[in-house]
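*Asks:* Got a predicted structure here, sequence first:
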Amino acid sequence: SRAARVAAIARESASWVERRDRAQDRLGELEERLVAAREEHERLVDAPDAFIERRRALMNALEEAEAARRDASDARTSGETRLAEADRAARVALEAMSAAREEMARSEAQLEAARQRAGDVERAILHDLESTPQALAELAGVKDGDQLPEIADIEKRLEGLRADRERLGAVNLRAEDELAEVEAQREKMIAERDDLSEAIKKLRAAIASLNKEGRERMLAAFDKVNAHFKELFTLLFDGGSAELQLVESDDPLEAGLDILARPPGKKPQTMTLLSGGEQALTAMSLIFAVFLTNPSPICVLDEVDAPLDDSNVERFCDLLDEMRKKTDTRFVTITHNPITMARMDRLFGVTQAERGISQLVSVDLEQAEKFALAS
């Protein structure tokens with residue numbers, strides 16, 4: 001019997017050695033997966049913030065573009081006002097120039113007429129008086145210095161002509177150059193306005209694209225979490241139904257989240273109307289639903305079963321068994337509940353065999369059960 005026992009122990013030892021080798025290989029694979037998962041987590045942890053920052057940057061750029069467009073619009077309005085004023089000034093100048101030309105033509109005509117009249121008078125004097133205009137005063141008996149009646153009329157007419165010339169004012173010879181400068185500035189402003197409008201269109205298209213992609217990802221993740229939540233809720237409560245709903249807005253990016261839960265035998269109601277244990281199980285269902293959407297190699301549960309009674313603790317342990325079947329996650333549970341400890345594969349605890357000296361104790365319940373059966 002001892003020889004048979006020794007042989008059995010040798011076989012069992014070889015089996016444990018083989019299991020140890022497999023466990024080490026498995027541990028290496030898990031470490032590689034842990035490294036890959038951490039790298040993936042580090043790569044994606046800032047992705048939501050990056051999208052938010054990018055959206056904020058685009059919104060700021062849009063606001064700046066709108067402000068620039070308003071400034072350009074104000075500048076264009078000011079330029080158009082100045083252009084209108086220049087047009088009015090040019091029209092006034094052209095009208096004044098036309099009036100001056102007409103007046104000059106009239107003056108030239110009057111001068112020519114005066115010359116012709118002077119020539120006619122001179123010829124008449126020569127013909128009628130047989131004298132020259134220079135000798136006409138002596139002939140008429142008018143001495144030098146005497147005021148002649150005709151001079152007053154001539155002076156009055158001369159003063160009138162001078163007044164007319166003063167009323168015409170100075171002619172702006174640079175009106176056409178100034179008009180060309182205003183036109184060039186106006187064309188530049190129009191081009192800047194078109195560039196700003198195009199930039200605003202591109203920014204709005206980029207924002208719409210980001211919002212569309214965010215909504216699609218949000219709805220896809222929401223559907224996955226909602227499906228897992230319904231399944232886990234039914235498993236924990238052994239029946240009933242639950243669902244997640246987006247409320248307060250039709251836009252998934254701005255909507256709130258509401259939980260409707262119906263434990264077996266109850267009407268659908270919100271979380272606040274459930275008992276403490278039901279709220280804990282519902283929250284646990286939601287947490288594990290999110291976890292199933294993107295599971296990790298290791299999950300630490302700290303006193304999760306504290307608010308649960310014995311019956312619900314059993315359901316919690318059944319949920320952990322179901323999670324182990326669906327994922328490759330190692331669950332580390334921190335608990336003081338004996339039911340939970342009894343359902344675990346391995347226990348880790350701290351004891352003081354000697355006063356003041358703490359010692360870590362590890363127990364493999366599966367192996368301990370085999371030893372108990374073997375003995």
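*Replies:* Looks like it arrived, so ask away. Model, not experiment: these values are computed from the prediction. Numbers count the residues shown, from 1 in each chain.

*Asks:* quick one: E322 is in a helix?
*Replies:* Yes. The assignment for E322 by DSSP: H, G, I helix; E, B strand; the rest coil puts it in a helix.

*Asks:* what's the neighbour count on it?
*Replies:* By the measure other C-beta atoms under 10 Å, the count of residues near E322 is 15. (Each C-beta comes from the backbone N, C-alpha and C, glycine too.)

*Asks:* before we move on, what about R193?
*Replies:* R193 has 16 nearby residues by other C-beta under 10 Å.

*Asks:* which one is it nearest to, not counting chain neighbours?
*Replies:* A72 (5.1 Å; C-beta to C-beta, 6 or more residues apart in numbering).

*Asks:* Is that neighbour in a helix, a strand, or coil?
*Replies:* Following three-state DSSP, the label given to A72 is helix.

*Asks:* what stretches of the stretch 1-150 of the chain score poorly on pLDDT?
*Replies:* 128-130, 133-134, 136-137, 139-150 (pLDDT under 70).

*Asks:* isn't the residue nearest to R193 right next to K188, touching?
*Replies:* No. With contact taken as C-beta atoms under 8 Å, A72 and K188 are classed as non-touching, separated by 10.2 Å.

*Asks:* Compare neighbour counts for those two and give me the winner.
*Replies:* Using other C-beta under 10 Å, the more surrounded residue of A72 and K188 is A72, with 18 against 13.

*Asks:* need the contact list for that one.
*Replies:* Going by C-beta atoms under 8 Å, 6 or more residues apart in numbering, A72 touches M189, E192, R193, L196.

*Asks:* In terms of pLDDT, where does the second one sit?
*Replies:* The predicted structure scores E192 at 90 on the pLDDT scale.

*Asks:* Give me the spatial nearest neighbour of it, chain neighbours excluded.
*Replies:* Closest to E192 by C-beta to C-beta, 6+ apart is A72, at 5.4 Å.

*Asks:* how near is the one you found to L203?
*Replies:* Using C-beta to C-beta, to the nearest Å, we find A72 at a distance of 16 Å from L203.

*Asks:* starting at the chain centroid, how far to the one helix or strand A90 maps to?
*Replies:* Take DSSP states H and E as the rule and A90 turns out to sit in helix 47-124. Distance of helix 47-124 from its chain centroid, counting by C-alpha atoms, centre = their mean, to the nearest Å, is 42 Å.
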